[in-house]
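In: Take a look and give me a structure for this.
(2 chains)
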There are 2 protein chains.
Amino acid sequence: MGKPKNAISPTREENYPEWYQQVVKAADLAENTPVRGCMVIKPWGYGIWENIRDALDVMFKETGHKNAYFPLFIPKSFLQREADHVDGFAKECAVVTHSRLEADADGILQPAGQLDEPLIVRPTSETIIGELFARWVQSYRDLPLLINQWANVVRWEMRPRLFLRTAEFLWQEGHTVHSTAEEAIEETQKMLRIYADFAENWLAMPVLQGEKTVSERFPGAESTLCIEAMMQDRKALQAGTSHFLGQNFSKACGIKFQGVEGKEELGWTTSWGVSTRLIGGMIMTHSDDDGLIVPPKVAPTHAVILPVTPKEETRGQVLEACNELARELRDKIYSGGSIRVDVDDRDLRGGEKYWQWVKKGIPLTIEVGPRDLEKSSVFVGRRDLGVQRESMHHSEFVEKIVSILEEIQQSLYSRALSFREENTCEINDKKELYSFFTAQNQSKPEIHGGFALVHWDRDPKWEESLKNDLKVSIRCIPEGASEEGICVFSGKPSPSRVVLAKSY
Amino acid sequence: MGKPKNAISPTREENYPEWYQQVVKAADLAENTPVRGCMVIKPWGYGIWENIRDALDVMFKETGHKNAYFPLFIPKSFLQREADHVDGFAKECAVVTHSRLEADADGILQPAGQLDEPLIVRPTSETIIGELFARWVQSYRDLPLLINQWANVVRWEMRPRLFLRTAEFLWQEGHTVHSTAEEAIEETQKMLRIYADFAENWLAMPVLQGEKTVSERFPGAESTLCIEAMMQDRKALQAGTSHFLGQNFSKACGIKFQGVEGKEELGWTTSWGVSTRLIGGMIMTHSDDDGLIVPPKVAPTHAVILPVTPKEETRGQVLEACNELARELRDKIYSGGSIRVDVDDRDLRGGEKYWQWVKKGIPLTIEVGPRDLEKSSVFVGRRDLGVQRESMHHSEFVEKIVSILEEIQQSLYSRALSFREENTCEINDKKELYSFFTAQNQSKPEIHGGFALVHWDRDPKWEESLKNDLKVSIRCIPEGASEEGICVFSGKPSPSRVVLAKSY
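Out: Below is the predicted model of the structure:
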């Protein structure tokens, strides 16, 4: 009994960008709305975000950070305080200019109550948070100040894509103040480790850790660290960033403190963030041509029980057994909480129902019908293994479900890591490099080379030509890389290899 | 050893509104910001909000609701679809008119990229959510649709007050669609019960449940249910509302479904919400002239251990004992989780440190010094009992802490309930009613009568004169009230008593 075709059309090979849109749709994660660039995150997508948020929140709190909530609006003059910063965001910000609507002579409602100073809907909050930190920080005793905010932000996007690039998105932004540069730099590294740990151990998404080049830094930062993941079309996705802001925002906002010796000093600040973009990364790391695959640790539901009720007379018995199984499974602990189980007893054809859950990427489907009751068995499907399903003894399955979920989590990570390794190579020749990013496989038009590790002399002009010639960027200078060599572009000395890729 | 004076000045009796501001400040809950009407919620305040959110979220999910996230912006034309609705919100909405900033001839950044249609920052989301629900609802099989959103909203406020009335606030808004009016009405009642249950059992804030009069309804609603609490100045605070929207928004947004018999029908919708205003209610229900009092169930930290270290040589020993005590306490379960304990070993004078925690309203302070170690005792302060503290045997305290916290929670509720009962009375005479709300106690200028239960013939003109004459409104028509009588204004028949009060 073969599967006639894939649940998602087109497939990844046929048209990767369109496949992505179809996976999001089939899994009922999110939709575009009539508000340009703004998406609605539907319950299954939001459930994933809640799990991401809760896991990160624990990690932030364990490292001494506290949550707070700052204003949505930033006065225009605040944004202008840091020159690079305003340059970076002025081109894409929503501007509030009025405080009410009023009927005009024709009875049509028009903006009224013009504000003295326009307000910007926060694209990020360094300047407004800096203003408040300047009040809170007086003495070295007030430091370090370690704050995080979960919030929505707005960056006007000309070419929005669900989760990857939307005008409004949800994120967290950490903001900290330290008394020394060393301590602030250590903080940016610590948070990068947390992001990498989370990406790998919760999203099962392997990431490279490194530093951005000067041209790719956050506007206003002294240095930007990042995690970069490889998607299945071999493009890179920047999945999180951590910025050392030096004293730039302290100067701009007046964050000063009395040091141990009584002298007034400027604070050293950091900021770091991840967003709903992580969901886009998760989708493109794991999903297949049958739809989404959600790693168990962030799945809103770990397992769905599907009652198979061909005959009315056994229906009650089957439903009862399904509910009893759900109770047994909910008593098991996985990843710090109860296993999340649903019984889907909707009045729908069994095949349709099963495929809905496959497309949603639920880690486990469990079908239970009259014959299973006779044999004390359950019919189990592991989403990471595709459509194959196997019959297991009821009690054996209950006993093993935790280790099965752990195995799925691990197998998704290993598969993604292998994929990245297969598509990463050291390149020592410019021609070879250009060919790596331009050679098109006729049957796979969506293939974009992969990650190329090349020696670079740190001259930005080569970065510029990479962008112009190949639409390739330097994703990061990997941490700890120290193998010296010869620049692939200039033949001059290079302190270490950097990672080149096309990117989202 | 008497306490020289209260930690909060002025006291409640001296100047209640100013006392409120000072309590918020002394507890470090929130601050005003340079963005007009927008507050920053600081870690202690946000910690309370996290506990409120998490507890309500469980209640919503247990009753079948799922979370989602909808756009921050609402096109002007959407808001206009429902006439009463736009009338209600047009006067107080932030309007986005531009999508970027651009330097003018003088190099000054000005709003640019004018939008074809202005966007409103959501004051509430009925119209944008209705637009999306119209897509999602096709058949009776899709109903009920039970969605909740945690989000920020903006309503331009001319006289903002921290937590009680701010331009931006955090809230949840539930939105549901049902196939019959009966089912939708039942939903509004169910959610009102949840709000009442939460207010009383988590915030220890007794509430009356009832229906708003026609003039106090949510703009666009057929009926609005509410919970009303009495603050310590005897004014009422509307703490949550639940609206039956009839088919008004279904008509406006096109939420239609194919009924069981195949006929196209309009959906019946509801919406319901509570906000960070609950924190304002909590503050004004329990706090005293020494500062905030937080009910244990929503306290970010249940108990703080304060090491008393007069001599350097015993310091290490005391700190070790404090940390060990913290571990013991964290093993105890209260209200579904571990007891939340901090050890405050900051280098601060003991008295100052103790009073900081009193002002923050932490349920328990635990002082431990060298003499306590000798006697195996701890010196415990219960915030609900004021400044009195008692020495308890270490192991007795560890054993009893859960029941002590339960006792505090209960005592706060009982005290608040007694206060409301003492300040609620039936009034059957108009003159007496006017005197109830105007008689000023010279020594207590902030006293505002209380709750008056009066018979009313349901004629809105009396409501109007109450507002004009006394600044008093009808807070609600209590549920289940059925005692008929004679209207205190007109002498005509009244179907039941209603609740009159001054309000926030």
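In: from here on, contacts and neighbour counts on C-alpha atoms
Out: Fine.
In: Show me the contact partners of stretch A:251-265.
Out: A:81-82, A:127, A:130-131, A:133-135, A:137-140, A:179, A:249-250, A:266-267 (C-alpha atoms under 8 Å, 6 or more residues apart in numbering or on different chains).
In: Do me a favour and get the end-to-end distance for that stretch?
Out: Its first and final residues considered, stretch A:251-265 spans 10 Å by C-alpha to C-alpha, to the nearest Å.
In: Put the buried members of the contacts of stretch A:251-265 into a ChimeraX selection.
Out: To isolate the buried members of those in ChimeraX, using 16 or more other C-alpha atoms under 10 Å in any protein chain shown:
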select /A:81,82,127,130,131,133,134,137,138,139,140,179,249,250,266,267
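In: Give me the number of neighbouring residues for the residue in chain A that chain B sits nearest to.
Out: Distances between chain A and chain B by C-alpha to the nearest C-alpha are smallest at A:Val96, namely 4.1 Å. Neighbour count of A:Val96, defined by other C-alpha atoms under 10 Å in any protein chain shown: 28.
In: Any idea what it is bridged to?
Out: Counting by DSSP bridges, A:Val96 forms beta bridges with A:Leu119, B:Val96.
In: do A:Leu225 as well
Out: With DSSP bridges as the rule, A:Leu225 is bridged to A:Glu211, A:Ser242.
In: For A:Val472, give me its contacts.
Out: A:437, A:466, A:500-503.
In: Pull out the buried residues from stretch A:462-472.
Out: Result for stretch A:462-472 [16+ other C-alpha under 10 Å]: buried residues A:462-463, A:466, A:472.
In: For those residues, which two are the farthest from each other?
Out: A:Trp462 and A:Val472 (10.8 Å; C-alpha to C-alpha).
In: close enough to count as contact, the residue of chain A closest to chain B and A:Arg122?
Out: No. Counting by C-alpha atoms under 8 Å, A:Val96 stays clear of A:Arg122, with 10.8 Å between them.
In: Just the ones of the contacts of stretch A:251-265 in helices?
Out: A:127, A:130-131, A:133-135, A:249-250 (DSSP state H).
In: Dump the residues you listed to JSON lines, plus pLDDT and distance to chain B.
Out: JSON lines is the format used below for the ones in helices among the contacts of stretch A:251-265 (pLDDT from 0 to 100; distance: C-alpha to the nearest C-alpha, whole Å):
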{"residue": "A:Thr127", "pLDDT": "96", "distance to chain B": "12"}
{"residue": "A:Gly130", "pLDDT": "98", "distance to chain B": "12"}
{"residue": "A:Glu131", "pLDDT": "97", "distance to chain B": "9"}
{"residue": "A:Phe133", "pLDDT": "98", "distance to chain B": "11"}
{"residue": "A:Ala134", "pLDDT": "98", "distance to chain B": "12"}
{"residue": "A:Arg135", "pLDDT": "97", "distance to chain B": "11"}
{"residue": "A:Phe249", "pLDDT": "97", "distance to chain B": "17"}
{"residue": "A:Ser250", "pLDDT": "98", "distance to chain B": "17"}
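In: Identify the farthest-apart pair in those residues.
Out: The most widely separated members of these, counting by C-alpha to C-alpha, are A:Arg135 and A:Phe249 (13.9 Å).
In: Pull out the buried positions in the helix ranked longest in chain A.
Out: Determined from DSSP H, the single longest helix within chain A is helix A:394-422. For helix A:394-422, the neighbour count (16+ other C-alpha under 10 Å) marks A:394, A:397-398, A:401-402, A:404-405, A:408-413, A:415-417, A:419-420 as buried.
In: That one: what's the following helix or strand?
Out: Sequence order places strand A:424-426 as the next helix or strand after helix A:394-422, per DSSP states H and E.
In: Please identify the buried residues of whichever helix or strand comes after that next one?
Out: The helix or strand immediately downstream of strand A:424-426 is helix A:430-438, counting by DSSP H and E. Neighbour-count burial for helix A:430-438, counted by 16+ other C-alpha under 10 Å, picks out A:433-434, A:436-437.
In: okay, now the closest residue in space to A:Glu483 that isn't next to it in sequence: neighbour count?
Out: Take A:Glu483 and drop its neighbours on the chain: the residue closest to it by C-alpha to C-alpha, 6 or more residues apart in numbering or on different chains is A:Ser496, 5.2 Å away. Residues contacting A:Ser496 under the criterion other C-alpha under 10 Å number 22.
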